[in-house]
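Enquirer: Here is a sequence with its predicted model. Questions after.
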Amino acid sequence: MSVDKATVARIAHLARIGVREEELEPLAAELSGILQWIEQLNEVDTDHVPPMASVHDQALRWRGDVVNDGGKPEDIVANAPDGQKGFFAVPKVIE
Amino acid sequence: MAALTDLGIAQARDLLAKGEMSSRELTAAHVEAMAEASILNAMVTELPEHALTMADASDARRASGTTGSLEGIPLAIKDLFCTKGILTTAGSHILDGFTPPYESTVSANLWQAGAVMLGKTNMDEFAMGSSNETSYFGPVQNPWRREGDNQALVPGGSSGGSATAVAGRFAMGATATDTGGSIRQPAAFTGTVGCKPTYGRCSRWGVVAFASSLDQAGPITRDVRDNAIMLGAMAGYDPKDSTSADVPLPDFEAALSGDIRGLKIGVPKEYVLDGMPGEIEVLWQQGIGWLREAGAEIVDISLPHTKYALPAYYIVAPAEASSNLARYDGVRFGLREEGADLTEMYENTRAAGFGAEVRRRVLIGTYVLSAGYYDAYYLKAQKIRRLIAQDFRDVYETVDAILTPSAPSAAFPFGDKADDPIAMYLNDVFTVPANLAGLPGISVPAGLSAEGLPLGLQILAPAFDEETMFRVAGVVEEAANFTARPEQWWKSPS
Amino acid sequence: MSNLVEGATGSWEVVIGLEIHAQVSSQSKLFSGAATAFGAEPNSQVSLVDAGMPGMLPVINEMAIEQAVRSGLGLNAKINNYSVFDRKNYFYADLPQGYQISQYLQPIVGEGVVTVELEDGATAHIGIERLHLEQDAGKLIHDQHPRKSHVDLNRSGIALMEIVSKPDMRSAAEAGAYVRKVRAILRYLGTCDGNMEQGSMRADVNVSVRRPGEDLGTRAEIKNVNSIRFMQQAIHYETTRQIDVIEGGGTVDQETRQFDAPTGTTRPMRTKEEAHDYRYFPDPDLLPLEFSDDFVAQIRATLPELPDAKKRRYMDELGLSAHDAAVLVSDRDIALFYEAVSEGRDAKIVANWVQGDLFGQLAKAELDIADSPVSANQLGGLIDLISDQTISGKIAKDVLEIMFESGQDAAAIVAEKGLKQVTDSGAIEGEVDKVIAANPDKVAEFQSGKDKILGWFVGQIMQATKGKANPKMVNQLLRDKLKG
Ligand SMILES: [Mg+2]
Ligand SMILES: [Zn+2]
């Protein structure tokens, strides 16, 4: 599978990474190269193989319903590039 | 007494216990060596005062009779581990100024064991790279150079700073992480010992995530014993990490019996690569000989899906990364580049904050998860992953451990593979399968290339059997008797 | 009953499906130990996990699992002992991780069914497609700054149950009845407080129209509607809008719309952009969620009597009418109140008092039954005074009004105001004699067959006794004496 400029632009937008027009073509070539290399996987018959998302055999462990976190708003906003009155500020969102 | 910076962790531990030196002396020697080695660019953040304060605290604890397993030992921390109140960058511009209000479980475990923090080590951005050339803070130089050649070489990656700090003798050990080989490959390139334990052995809590189902922390040290000691302090069940394994923590150091008689060691035929340097093959054969001489039984095995591990990895890891790195959006921490609206702010921030390799992987990951491609790529890779894990399960029915080369080459010059992502990815061809299967592996320096560069052998073991892994590694180490060390050319103008 | 809507070119059928987001009743969040309480200071109930800090990891809250299973059982749904958490990836300012942890292909609860009652007494069965657990997002505040929005993450990571219906509803009334019923069930179960004003329950409303018997039309999804009245307005507006679009020769866009309360209309969301591509994949920070049949059985054993069963019992055992029973079970607090009052008393009389005078007073004061100034005990006391003939039913209505205002017990009010009924037949007889003696013309009228005049006599006597005479005795004595 090779990807074209439009596809690169689409996935870059999905990933919210600004890509300049002149970068699209070389990126498309690069990504196509990697995808083509990846496609050797098609040699393997996996029709009856269940996907493996985790190497663990164990089931998920649960924690008790206890409040033991929070209560430190200063820590939460301490690193904010634009923290305002205990909030994070972002460019105005119109819903 | 040898120079303090030549001591291993085990030796230093004994001298400290006997009161023949203080942690302050030991730490000061390393702080000084670290400052002298700044040209190697192994550190993002050096913490000389912090280190000495911790050393004094350690000496005070010792005086009052309490000591941990790493009491007073100065270590370096990969800058992927969040450290409370100390800049944490993951080698990325996008984490500009990020000072976590929390400490990763692994580093907290080390401080709990009495260790001293020298600083944070440089690394490939978000641990994506095999040469340390993708760091926002510039590449790390390998302390090793080819014989009779001053050309700078890569230390491997992504834990290149950690490996360099240990090989350059300005940290006694360093934490590292391994998603596809990022501990073992730089260890091999720098003549150090690097181990990636079983997935779930070390907590991922507080470690900046690259690919959650593959990431695993481990130590880089100068010998196998030190490695076992340090892993023992790092590892352990953590209820804050749902993927942390609630299994007993063995005494890894005690596993180093030197006795591998009767063990069955597998040698996988698929690890012979076309175009691999002959000296790697020779080294491997040597390793096989050492183990046989030590009384192990060598078994030819097959891991038939080996060649698909790397391409499967380059679907799974970027897919997870594309999601894990979504939180770097300029809102709550790190870099922000303003824009006319929210979307533009996101796009500007992430364009400025991520380097080329991170961008490449996030885009690949986004693509393979996107509508219409999920089944063909992501699901396919997860199926291949099961086949690879099954390959290992099958062979571990008959063998106790596996011996392979650690990397398909020795360290190479900067820029050598920078234009060819796939050539770069091939660095991890021998290490990636263990990540996909979640298995422990260790790289031990076993010899020198014709150009005088270190080469490593890798020992793989079944899940949660790091004891066998260390035991075999100890035997390889002893047989190899790897005493070569890089000249400390950075200490005087060359 | 026909739900068809007449357009200019013929009849249309409206098809409605709902996605209800119900906040799980729990102390802490789905994947962190931060509190869930409403109305706290900004970012004060936020853990590092909820803020999407680097290296932070989710650990699941067992209460969320229990509540989801309990809800599934209450919705007569299939419980899945194996389910998977997925990441739904998208960027938004209220979504710190850049993804929402949700359940996509393998939810914790599968298909179920809810029976709803309509105004005309008919019932409808609304299918449940699934119930899954997911994280809530944070909150955006737009009115603090001219060029910026502010983010508060207190809600971020709170456990939600998304309850997806099948497209089984055919009118706004059905949709309203369905939401009320689901809310009632969750409140009975204690799995969600159902408080729509505080955002504990909100619905995404999918509306489409079609010619009767045809395939489903293109739907519009109206996001985050937070009251039943608004939902019904939105459905009416959408129905008309879509019919107008189609009849005008256009096509309905599949789109996300927003309800505008002041105008009762819907409009396309302005943040709508290119088709969403959420790139769902299993969350690698979590393992599959598994539990045993035993775990489910233990929860099943603790389920309370639910509205349908309760209604049946009220009808079969207490002899209430279907209507009365339905009203009394419509809300858990009402049913509990009713049962507390009716314990040891006449079930029908209590039913009348609860949904008659008490509801009337509550409605006037705009109070929920949980905040009723007259407790179940106090209402019982009042009814007892009627039963033992201390006061008449008529006086009791006045007493209830005073109780409502003062919070006093009925007996105290009756004593204080001297409202005790006169049951002394001698005293009543005296009054009867007086009235008869004073009104010979009216007596003659009665005796000539004008029965209705009896009421006038009763009124005279009640006036004379300030309403305290036992009406039954007054009637009896009058009849006896007038017949002479
Ligand atoms: Mg939805
Ligand atoms: Zn939802």
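Expert: Arrived safely. Numbers count the residues shown, from 1 in each chain, chains lettered A, B, ... in the order given. Ligands and ions are numbered 1, 2, ... in the order given.

Enquirer: longest helix in chain C, by residue count?
Expert: When chain C is scanned for its longest helix (criterion: DSSP state H), the result is helix C:228-247.

Enquirer: Now do that helix: everything it contacts.
Expert: Contact with helix C:228-247 is made by C:5, C:7-9, C:12, C:14, C:16, C:171-173, C:175-176, C:179-180, C:196, C:203, C:205, C:207-209, C:217, C:220, C:222, C:225, C:251-252, C:257, C:259, C:261, C:264-266, as judged by C-beta atoms under 8 Å, 6 or more residues apart in numbering or on different chains. Every residue, glycine included, has its C-beta placed from N, CA and C.

Enquirer: So what's the gap between that helix and the chain middle?
Expert: For helix C:228-247, the distance from its own C-alpha centre to the chain's C-alpha centre is 23 Å (C-alpha atoms, centre = their mean, to the nearest Å).

Enquirer: Go ahead and produce PDB holding the CA coordinates of the helix or strand following it.
Expert: Towards the C-terminus, the helix or strand next in line after helix C:228-247, according to DSSP states H and E, is strand C:255-260. C-alpha atoms of strand C:255-260 as PDB (Å, rounded to 0.1, in the frame of the first residue of the first chain):
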ATOM      1  CA  GLU C 255     -24.900  14.900  11.400                       C
ATOM      2  CA  THR C 256     -24.500  15.800  15.000                       C
ATOM      3  CA  ARG C 257     -26.800  18.600  16.200                       C
ATOM      4  CA  GLN C 258     -27.200  20.600  19.300                       C
ATOM      5  CA  PHE C 259     -30.400  21.400  21.200                       C
ATOM      6  CA  ASP C 260     -31.100  25.100  21.800                       C
END
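
Enquirer: Off-centre distance for strand C:255-260?
Expert: Chain-centre distance of strand C:255-260: 24 Å, with C-alpha atoms, centre = their mean.

Enquirer: That one close to chain A?
Expert: Yes - using C-beta under 8 Å from any C-beta of the partner chain as the criterion, contacts between strand C:255-260 and chain A involve C:Gln258.

Enquirer: Pull the residues that contact whatever helix or strand comes next after that strand.
Expert: Next along the chain after strand C:255-260, taking DSSP H and E as the criterion, comes strand C:265-268. The contact list for strand C:265-268, computed with C-beta under 8 Å, 6+ apart, reads C:220, C:222, C:234, C:237-238, C:241, C:253, C:255-260.

Enquirer: Please identify the buried residues of strand C:265-268?
Expert: For strand C:265-268, a neighbour-count test (16 or more other C-beta atoms under 10 Å in any protein chain shown) marks C:265-266 as buried.

Enquirer: Stretch B:67-80 too?
Expert: By 16+ other C-beta under 10 Å, the buried positions in stretch B:67-80 come out as B:67-80.

Enquirer: Show me those that map onto strands.
Expert: Residues of the buried residues of stretch B:67-80 located in strands (DSSP state E): B:74-78.

Enquirer: is it possible to export those to JSON lines including distance to chain C and pLDDT?
Expert: JSON lines is the format used below for those (distance: C-beta to the nearest C-beta, whole Å; pLDDT from 0 to 100):
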{"residue": "B:Pro74", "distance to chain C": "24", "pLDDT": "98"}
{"residue": "B:Leu75", "distance to chain C": "19", "pLDDT": "98"}
{"residue": "B:Ala76", "distance to chain C": "18", "pLDDT": "98"}
{"residue": "B:Ile77", "distance to chain C": "13", "pLDDT": "98"}
{"residue": "B:Lys78", "distance to chain C": "12", "pLDDT": "98"}
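
Enquirer: Out of the residues you listed, which comes closest to C:Ile391?
Expert: B:Ile77 (81.5 Å; C-beta to C-beta).

Enquirer: Tell me who's in contact with that closest one.
Expert: Contacts were defined as C-beta under 8 Å, 6+ apart; by that measure B:Ile77 touches B:83, B:107, B:110, B:117, B:119-121, B:174-175.

Enquirer: Residue ranges in the chain under the pLDDT threshold?
Expert: Chain wasn't specified; assuming chain A. Scanning chain A for pLDDT under 70 picks out A:1, A:95.

Enquirer: Switch to chain C, please.
Expert: C:1-2, C:270-275, C:484.

Enquirer: quick one: secondary structure of B:Pro219?
Expert: Taken by DSSP: H, G, I helix; E, B strand; the rest coil, the conformation at B:Pro219 corresponds to strand.

Enquirer: Now do the spatially closest residue to it that is not a sequence neighbour, the pLDDT please.
Expert: Taking C-beta to C-beta, 6 or more residues apart in numbering or on different chains as the measure, B:Pro219 lies nearest to B:Met230, with 3.8 Å between them; neighbours along the chain are not counted. Predicted confidence (pLDDT) for B:Met230: 98.

Enquirer: And B:Met230, its phi and psi?
Expert: Comment: the main-chain dihedrals of B:Met230 come out as phi -70, psi -40, following degrees, to the nearest 10.

Enquirer: correct me, but it touches B:Gly68?
Expert: No - because the distance of 11.9 Å does not satisfy C-beta atoms under 8 Å, B:Met230 is recorded as not touching B:Gly68.

Enquirer: how about the helices in chain A?
Expert: Counting by DSSP H, one finds helices in chain A at the ranges A:5-14, A:21-38, A:73-77.

Enquirer: The shortest one: which residues count as buried?
Expert: The neighbour-count check on helix A:73-77 (16+ other C-beta under 10 Å) flags A:73, A:75-77 as buried.

Enquirer: Render the CA-only coordinates of that helix in CSV, please.
Expert: Listed next in CSV are the C-alpha coordinates belonging to helix A:73-77 (Å, rounded to 0.1, in the frame of the first residue of the first chain):
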residue,chain,number,x,y,z
PRO,A,73,-5.3,21.4,42.2
GLU,A,74,-2.0,23.3,42.4
ASP,A,75,-0.1,20.1,41.3
ILE,A,76,-2.6,19.6,38.5
VAL,A,77,-2.2,23.0,36.9
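
Enquirer: ok, and does that helix reach over to chain C?
Expert: Yes - contact of helix A:73-77 with chain C (C-beta under 8 Å from any C-beta) involves A:73, A:75-77.

Enquirer: Other residues contacting that helix?
Expert: For helix A:73-77, the external contacting residues (C-beta under 8 Å, 6+ apart) are A:83, A:86-88, B:101, B:332, C:41-44, C:46, C:48, C:51, C:153.

Enquirer: Buried members of these into ChimeraX, please.
Expert: Restricted to buried positions by 16+ other C-beta under 10 Å, the ChimeraX selection for the contacts of helix A:73-77 reads:
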select /A:83,86,87,88 /B:332 /C:42,43,44,46,48,51,153
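
Enquirer: Please report phi then psi for the residue of chain B found nearest chain C.
Expert: Of chain B, the residue with the smallest distance to chain C, taken as C-beta to the nearest C-beta, is B:Ala326 at 2.3 Å. Torsion angles at B:Ala326 (phi, psi; degrees, to the nearest 10) stand at phi -70, psi -20.

Enquirer: Spit out the contact partners of the residue lying closest to C:Asp86 once chain neighbours are set aside.
Expert: Closest residue in space to C:Asp86, ignoring its immediate chain neighbours: C:Tyr104 at 4.1 Å, by C-beta to C-beta, 6+ apart. When the contact criterion is C-beta under 8 Å, 6+ apart, the partners of C:Tyr104 are C:84, C:86, C:88, C:132, C:280.
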